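*Asks:* please work out how this folds:
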Amino acid sequence: MGTRRIIVAGGGAAGFFAAIACAELAPGTEITILERGARFLDKVRISGGGRCNVTHAWFDPRDFITRYPRGGKALLAPFLKFSARDTVAWFESRGVTLKTETDGRIFPVTDSSQTVVDCLLQAARKAGVKLRLNCGVERAIRNPSGRFELALAGKKSPCPGPLRTSRGEGEMTAGEILIVDRLLLATGGCRTAAAGQLAVSLGHTLEPPVPSLFAFQIESPWLQSLAGISADPVEVAVPAAKLRDRGPLLITHSGLSGPAILRLSAWGARALHDLNYRFPLRVNWLPDLTAEQITAEFQARRETAGARQVVNDPLSPLPARLWEQLALAAGVARGTRWSAFPRPQMRALAQQLVRTELAVTGKSLNRDEFVTCGGVRLAEVNFKTMESKVCPGLFFAGELLDIDGVTGGFNFQSAWTTGWIAGRSMAA
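*Replies:* Sure thing, here's the model as predicted:
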């Protein structure tokens, strides 16, 4: 019957995990990862600011799935097979020591994503997986024998190294036809509908892709002057979409980011898209206090700190520069002292602190890191095996599926889990 051949389209986290799982379980199978770009694991390299947030320290799958705006229910059974705990064990058994930060995010102790990249590359090579850069699958059909005919595409340079093709042994070059027994699509998020056309051509349906996990653009000079300042905790809300979240917030040169904003954008991905990313945002900078409690603190400072200037005497835990700008935005004059702080201005500043109104005018994306909402329809995939229900022999893993999680390692965990299950299923 000959050697069984499997192609993994996509050299990212899910593709590598699938290829390694398959090769380790079925050591005589010829498995090749095709990566359209010039480097493998690019998203792993740049994730988490170059540190790679491997997963999250929530080890009960029922808790874990609550962090997926889309796909959480479908992931419960897969996470019962391969959870965040299994991910930690997988990497540590291969020499990658991990650490858990106070917010639950898990990173390599080296604080370098290169540690994770090197581990995956080494594990793939050790398992005998063939690695090919600058090669993508342009077209795919399933022939009457049940095998896949793949038309390859790539950059001007040919794909390096020998690989047996339908025309015999030789260089795998753009335009060549490859015949394989199994095909795994792990090509990443559908940034555009065109990115999912391979799946569509093989009978699948795409949920329309829209961005998720993005920052908010806000054209407010006083806010932009505070770029780099963070506050925690902060509560943010989009009343027009009935969205609310609480957590750390980061002021950027173009608006607002940080976990609270990114989570808001994930849960509201479609609603914010429908608003054309233009909507009023409410920010409560002191969510643990009411406006009345804040005003009472102002009254107390009239007695205990009367000589201090209001703009220079922040309420904890607000950073001094942020406090100053919020006070000025509320109409507090720079020279005003607590002893002469009029009650109407107290109320105005208290309202500014608990309900700052900002106009969002667009979204900001890290083009390499951002996640998409949308992808291959989940009802068309068997999550026990990650095999297509409409095209036998076709498998899926990672962000090509209509699954996306909030920030904190959740998107990587869905990639590891779906890749591991797909790989083991292809090896069976």
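
*Asks:* got any ranges where this structure has weak pLDDT?
*Replies:* Applying pLDDT under 70 to the chain flags the ranges 1, 154-175, 193, 365-370.

*Asks:* elements contacting the helix ranked longest in it?
*Replies:* Ranked by number of residues, the top helix in the chain under DSSP state H is helix 410-427. Contacting helix 410-427 under the criterion 3 or more C-beta pairs under 8 Å, 6 or more residues apart in numbering; DSSP states H and E are the following elements: helix 13-25, strand 55-56, helix 72-81, helix 84-93, strand 182-185, strand 394-396. Every residue, glycine included, has its C-beta placed from N, CA and C.

*Asks:* parallel or antiparallel, list what pairs with the fifth one.
*Replies:* Sheet pairing of strand 182-185 (DSSP bridges) gives strand 5-9 (parallel), strand 394-396 (parallel).

*Asks:* gap between the first one and the chain center?
*Replies:* What it means is strand 5-9. 25 Å (C-alpha atoms, centre = their mean, to the nearest Å).

*Asks:* secondary structure class for D232?
*Replies:* Per DSSP: H, G, I helix; E, B strand; the rest coil, the local secondary structure of D232 is strand.

*Asks:* I figured it hits L250, correct?
*Replies:* No: using C-beta atoms under 8 Å, D232 is not in contact with L250, being 9.4 Å away.

*Asks:* higher neighbour count, the two?
*Replies:* More crowded of D232 and L250, by other C-beta atoms under 10 Å: L250, with 20 against 14.

*Asks:* name the nearest residue to that one, sequence neighbours excluded.
*Replies:* Closest residue to L250 apart from its sequence neighbours, by C-beta to C-beta, 6 or more residues apart in numbering: G258 at 3.6 Å.

*Asks:* quick one, phi psi at that neighbour?
*Replies:* Dihedral pair for G258: phi 100, psi 170, per degrees, to the nearest 10.

*Asks:* try the one 4 residues further on
*Replies:* Its backbone dihedrals place L262 at phi -60, psi -40, with angles given as degrees, to the nearest 10.

*Asks:* okay, now the nearest residue to it once chain neighbours are set aside: neighbour count?
*Replies:* Once flanking residues are discounted, L262 sits nearest to T407: 4.6 Å by C-beta to C-beta, 6+ apart. By other C-beta under 10 Å, 24 other residues sit near T407.

*Asks:* which residues touch T407?
*Replies:* N53, L213, P259, L262, R263, A266 (C-beta atoms under 8 Å, 6 or more residues apart in numbering).

*Asks:* which residues are in contact with stretch 337-345?
*Replies:* Under C-beta under 8 Å, 6+ apart, the answer for stretch 337-345 is 298, 301-302, 305-310, 313, 330-332, 336.

*Asks:* quick one: end-to-end length of stretch 380-387, please.
*Replies:* Start and end residues of stretch 380-387 are separated by 9 Å (C-alpha to C-alpha, to the nearest Å).

*Asks:* hmm, I was thinking of stretch 240-259
*Replies:* Stretch 240-259 stretches 20 Å from its first residue to its last (C-alpha to C-alpha).

*Asks:* mind listing what's buried in that stretch?
*Replies:* Across stretch 240-259, burial judged by 16 or more other C-beta atoms under 10 Å covers 241, 243-252, 254-259.

*Asks:* so how far is L286 from P317?
*Replies:* Between P317 and L286 the computed distance is 8 Å (C-beta to C-beta, to the nearest Å).

*Asks:* more neighbours: the two, which one.
*Replies:* Counted by other C-beta under 10 Å, P317 and L286 do not tie: L286 has more neighbours, with 21 against 11.

*Asks:* helices and strands around the host helix or strand of R263, which ones?
*Replies:* Element membership for R263, per DSSP states H and E: helix 259-267. When contacts are defined as 3+ C-beta pairs under 8 Å, 6+ apart, helix 259-267 packs onto strand 206-212, strand 215-218, strand 230-238, strand 243-251.

*Asks:* relative to strand 230-238, how tilted is the last one?
*Replies:* This points to strand 243-251. Computed with axes from the mean of the first three to the mean of the last three C-alpha atoms, to 10 degrees, the direction of strand 243-251 lies at 150 degrees from that of strand 230-238.

*Asks:* ok, and what's touching the helix or strand harbouring E292?
*Replies:* E292 belongs to helix 291-304 when assigned by DSSP H and E. With contacts defined as C-beta under 8 Å, 6+ apart, helix 291-304 is touched by 286, 289, 308, 313, 315, 338-339, 341, 346-347, 349-351, 353-354.

*Asks:* report the two of those separated the most.
*Replies:* Maximum pairwise distance among the contacts of helix 291-304 (C-beta to C-beta): 24.0 Å, between S339 and V354.

*Asks:* give me the more crowded residue out of these two.
*Replies:* Each of S339 and V354 has its neighbours counted (other C-beta under 10 Å); V354 has more, 20 against 12.

*Asks:* contacts for whichever strand or helix holds G136, please.
*Replies:* For G136, the element it lies in under DSSP H and E is strand 135-142. Contacts of strand 135-142 with the rest of the structure, by C-beta under 8 Å, 6+ apart, involve 7, 9, 34-36, 148-154, 159, 172, 174, 183, 198, 201-202, 391-394.
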